[in-house]
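**Student:** no sequence for this one, just the structure:
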């Protein structure tokens, strides 16, 4: 909308609601992809050069490939659980961002039992040729700055 | 811009460049605020209900107050160094997001020497009544998922 356009029409409101729903649906794909261990599905909505700040090193990387997701899934047996909550979405024009709290639950390959921890995620998207793509994603846990430098994987929302 | 408006005018380009410059200048405020230990300056561009995912627990919190920044600065002697690099900014309408790599250097209060580590940051902004405000910020280090769960504070870009 231009600086002089201060009227929100019914169409603008519908469009905004549609955009938010599309972004929420895209975020939910992570849950389904990890549950079904579908690496192709997991990366389907990521732009090729997306900047990724993930749970594990390195500091940052570019792109999310089915190969890397497959390799990561190889470290776990069975479905990987990704529960997504506290989702907030903002959209304007062809840009959007969202943040959420997430709980990952998984069984390390060959281990007798699994683990679970809460973490947080920020997703930044751009609509290109009508389709929303993730261009940046930041996923992390906090860490204890009390000298121990232990990742804070024991937190609850 | 509406779906039928595919022409990028000189004014659009100038506006986009101006917006990006404004966002970059806002990010640079963190460096100056921490160097001069100015808590008021540090929070000046944060929306009251901004959702903050920070280096230390909790998972998430709302708002960034001068009081909390002052308390955090109290844990360090002298200027706190925040070097910001690899900044990428996206803007559309009244929404923007940026990500960057950062190096924090500081001397814990009373300690004989300081420490430094690289981390990453994602900043999400909304322009309200002409002014850009941070509505969400996510700051973190990765952690080693090799069982040690140690924060990865030894990484370089």
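**Tutor:** Nice, I can see it. Because the structure is a prediction, the values reported are computed rather than measured. Residues are numbered from 1 along each chain as shown, chains lettered A, B, ... in the order given.

**Student:** distance of residue A:145 from residue B:106?
**Tutor:** 11 Å (CB to CB, to the nearest Å). Bear in mind the C-beta positions are built from the backbone N, C-alpha and C, glycine included.

**Student:** equivalent analysis for residue A:27, please.
**Tutor:** Residue A:27 is 35 Å from residue B:106, by CB to CB.

**Student:** just want the angle from the lengthiest strand in chain A to strand B:76-92.
**Tutor:** As assigned by DSSP state E, the longest strand anywhere in chain A is strand A:76-92. Relative orientation of strand A:76-92 versus strand B:76-92 (axes from the mean of the first three to the mean of the last three CA atoms, to 10 degrees): 70 degrees.

**Student:** whatever helix or strand comes next after strand A:76-92 and chain B in contact?
**Tutor:** Using DSSP states H and E, the helix or strand that follows strand A:76-92 in sequence is strand A:95-108. Yes - using CB under 8 Å from any CB of the partner chain, strand A:95-108 reaches chain B at A:95-97, A:99, A:101.

**Student:** for residue B:58, state which of these is nearest.
**Tutor:** Residue B:58 has its nearest neighbour among these in residue A:101, at 10.4 Å by CB to CB.

**Student:** list the contacts for that closest one?
**Tutor:** A:84-86, A:118-121, A:157, B:59-60 (CB atoms under 8 Å, 6 or more residues apart in numbering or on different chains).

**Student:** in space, what's closest to it - neighbours in sequence excluded?
**Tutor:** residue A:86 (4.5 Å; CB to CB, 6 or more residues apart in numbering or on different chains).

**Student:** tell me the contacts of the one you found?
**Tutor:** A:99-101, A:157, B:60.

**Student:** among those, who's most crowded?
**Tutor:** residue A:99 (26 neighbours; other CB atoms under 10 Å in any protein chain shown).

**Student:** hang on, that residue packs against residue A:121?
**Tutor:** Yes - in this structure, residue A:99 is within contact of residue A:121 by CB atoms under 8 Å, at 6.7 Å.

**Student:** just the contacts of residue A:101: which are in strands?
**Tutor:** A:84-86, A:118-121.

**Student:** could those residues be laid out in TSV, adding pLDDT?
**Tutor:** Output for the ones in strands among the contacts of residue A:101, formatted as TSV (pLDDT from 0 to 100):
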residue	pLDDT
A:84	97
A:85	97
A:86	97
A:118	97
A:119	97
A:120	98
A:121	98
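
**Student:** buried members of those residues into PyMOL, please.
**Tutor:** Restricted to buried positions by 16 or more other CB atoms under 10 Å in any protein chain shown, the PyMOL selection for the ones in strands among the contacts of residue A:101 reads:
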select buried, chain A and resi 84+118+119+120+121
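
**Student:** let me have the ones in strands among the contacts of residue A:101 in a markdown table, extended by distance to residue B:137.
**Tutor:** Listed next are the ones in strands among the contacts of residue A:101 as a markdown table, based on distance: CB to CB, whole Å:
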| residue | distance to residue B:137 |
| --- | --- |
| A:84 | 20 |
| A:85 | 20 |
| A:86 | 16 |
| A:118 | 19 |
| A:119 | 16 |
| A:120 | 11 |
| A:121 | 14 |
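
**Student:** from the ones in strands among the contacts of residue A:101, which is closest to chain B?
**Tutor:** Of all these, chain B sits closest to residue A:120, with 4.6 Å by CB to the nearest CB.

**Student:** shouldn't the closest one be in contact with residue B:138?
**Tutor:** Yes - with contact defined as CB under 8 Å, residue A:120 reaches residue B:138; the gap is 6.9 Å.

**Student:** okay, and the common contacts of those two?
**Tutor:** In contact with both residue A:120 and residue B:138: A:99, A:140, B:53, using CB under 8 Å, 6+ apart.

**Student:** what's the local residue count around the closest residue to residue A:56 other than its chain neighbours?
**Tutor:** Spatially, and ignoring its direct neighbours in sequence, residue A:56 is nearest to residue B:145 (4.6 Å; CB to CB, 6+ apart). Using other CB under 10 Å, the number of residues around residue B:145 comes to 18.
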